[in-house]
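In: let me see the structure of the following:
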Amino acid sequence: MFEGLSGRFGDIFDRLRRRGALSESDVSAALREVRIALLEADVALPVVKDFIARVRERAVGQEVLRSVTPGQQVIKIVHDNLVEMLGGGGEAGPQPDGTLPLNLASVPPVPLLLVGLQGSGKTTTAAKIARKLKDKQNKKVLMASLDVRRPAAQEQLRVLGTQVEVDTLPIVPGQQPLDITRRALESGRLRGFDVVILDTAGRLAIDQELMAEVKAVRDRAEPAETLLVADAMTGQDAVNVADTFHREIGITGIVLTRVDGDSRGGAALSMRAVTGQPIKLIGVGEKVDALEAFHPERIAGRILGMGDVVSLVERAAETIEKDEAEKLAAKLQKGTFDLEDMASQFRQMRRMGGLSGLMGMLPGIGKMKQQMKDANVDDGMLKRQEAIILSMTPKERRNPKIIHASRKKRIAAGSGTTVQDVNKLLKQHQQMNDVMKRMKKMGKKGMMRGLPGMGPGDLPPGLLPPGGFKP
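Out: Modelled structure (predicted):
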């Protein structure tokens, strides 16, 4: 989501780093560019003005201008103020990592109210939150749809409930939102649920009828959390919606959806500042497990090109299957790496968010993105390579040396690719196999020294385009 803003910031700060000393005019020129970049990213004007004023106050002081590394000092100041704008810093909340968890400190069943416009992803978000509470916190959750206007809205929640293995309130045709709320809370008490998630109806735009209905439900349910679900793709409109809902209803937190899209990021940077309420969760994909806690410091790091290695490690820990990893480790110690292992690695990468998702979390990777696009290094490439491997017989995957011309034609036809694509894959596999054999000869200590770092040239050979990247 922040790719465009990150690129602009990267160019601005590269110029600052190259200067040995900074004058006040240098800092002012850089801040003018930062201001333009934020406005183009759809950040609200009052938020931009306040942000630039706070950065300028610290950036033109003697601490920076006389610093040994003034460019780095300015970047740190911008980073710290970005964290504060996003809701971190002194208001980080009870979690050491800066996240603000959902408030469940009430007598069960704890009501959670989801509000927002139609199409923002409320129903899917309800299922994602329910799954997260069930799997991560061992909570017994009941979901109830209060949307009696949109056709099949209640059925959609029921289907999602089945998918995430969470109970949903039985549908009673003709029942109105207030009655459904009362029945959901009563059912939650009688059946021993810890949390009741109430999914309210949305509209295409804010109107008094919508607000009156949501207020009535809020007053009846007395929710511990009133979460606004907002689509990050709507940009400045999402900020206006958040402001209106907060004034009318009184939200306690925000859930941003479609953060994995190509929006400019202004909504995330503005919402907390405009409403004073934190972004608590972000939806990073369509799947029911694609919901993450919002980390202000990590997001600020991504925007400034510092990467987010902590999130990358956490995602790896959640998605990499232990048995599969142990099998691969044993093979690596023997110096063997067949095409089955290669396909397994492709699947693991796609489960972790694909190549583009992983690259966005690595430090200093921003400069490579255009080169990767030009070289057609993308998630589609991973799928094509996996399709080639799946078109082979088990014997061919274990022993690629038997794959000759006629077999290559059959594999290409079966995977919808060309013989040249099959040749490229086999060459890449051979390169990876050679690396594994060299690492085996080095032993454990040598293997650790030989592990790739985070530099642009350290991608696995299987993910490098022919000829590598241009410097």
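In: rest of the way, CA atoms for contacts and neighbours
Out: Fine.
In: wait, a strand at residue 197?
Out: Yes: assessed by DSSP: H, G, I helix; E, B strand; the rest coil, residue 197 belongs to a strand.
In: just to check, it is in contact with residue 144?
Out: Yes: counting by Cα atoms under 8 Å, residue 144 is a contact partner of residue 197 at 6.2 Å.
In: now the strands for the chain?
Out: Using DSSP state E, the strands of the chain run over 110-115, 141-145, 167-168, 195-199, 225-231, 253-257, 279-283, 291-293.
In: CSV for these, including mean pLDDT and mean neighbour count?
Out: Compiled in CSV, the strands of the chain are given as follows (pLDDT from 0 to 100; neighbours: other Cα atoms under 10 Å):
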stretch, mean pLDDT, mean neighbour count
strand 110-115, 93, 25
strand 141-145, 94, 26
strand 167-168, 93, 21
strand 195-199, 94, 27
strand 225-231, 90, 26
strand 253-257, 88, 26
strand 279-283, 87, 24
strand 291-293, 84, 18
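In: will you turn the ones you listed into a markdown table that also has distance to residue 155?
Out: Converted to a markdown table, the strands of the chain look like this (distance: least, Cα to Cα, whole Å):
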| stretch | distance to residue 155 |
| --- | --- |
| strand 110-115 | 17 |
| strand 141-145 | 9 |
| strand 167-168 | 10 |
| strand 195-199 | 12 |
| strand 225-231 | 20 |
| strand 253-257 | 21 |
| strand 279-283 | 22 |
| strand 291-293 | 22 |
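In: closest to residue 161 out of these?
Out: strand 167-168 (6.0 Å; Cα to Cα).
In: check residue 436 and give its pLDDT.
Out: Looking at residue 436, its pLDDT is 71.
In: so what's the residue count around it?
Out: Using other Cα atoms under 10 Å, residue 436 has 20 neighbouring residues.
In: kindly report the same for residue 41.
Out: 20.
In: begin at 20, not 1, for the rest of this chat.
Out: In the new count, where the first residue is 20, that last one comes out as residue 60.
In: isn't it up against residue 285?
Out: Yes: using Cα under 8 Å, residue 60 is in contact with residue 285, at 5.1 Å.
In: could you pull up phi and psi at residue 307?
Out: With angles defined as degrees, to the nearest 10, residue 307 sits at phi -70, psi -10.
In: quick one, what contacts it?
Out: Shown in contact with residue 307 (Cα atoms under 8 Å, 6 or more residues apart in numbering): 143, 146-147, 150, 183.
In: do that again at 10 Å, thanks
Out: Applying Cα atoms under 10 Å, 6 or more residues apart in numbering, we find residue 307 in contact with 143-151, 179, 182-183.
In: show me whatever sits in contact with both of residue 216 and residue 163.
Out: Joint contacts of residue 216 and residue 163 (Cα under 10 Å, 6+ apart) are 145, 187, 200, 203-204.
In: per-residue pLDDT of residue 219, please?
Out: 91.
In: what is the burial count for it?
Out: Neighbours of residue 219 using other Cα under 10 Å come to 24.
In: residue 223: what's it in contact with?
Out: Applying Cα under 10 Å, 6+ apart, the residues contacting residue 223 are 135-139.
In: farthest pair within the residues you listed?
Out: Greatest spatial distance among these (Cα to Cα): 135 and 138, at 8.6 Å.
In: who touches both of the two?
Out: The contact sets of residue 135 and residue 138 overlap at 221-223, 248-250 (Cα under 10 Å, 6+ apart).
In: any chance of those in CSV with distance to residue 440 as columns?
Out: Below are the shared contacts of residue 135 and residue 138 laid out as CSV (distance: Cα to Cα, whole Å):
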residue, distance to residue 440
221, 48
222, 49
223, 47
248, 43
249, 42
250, 39
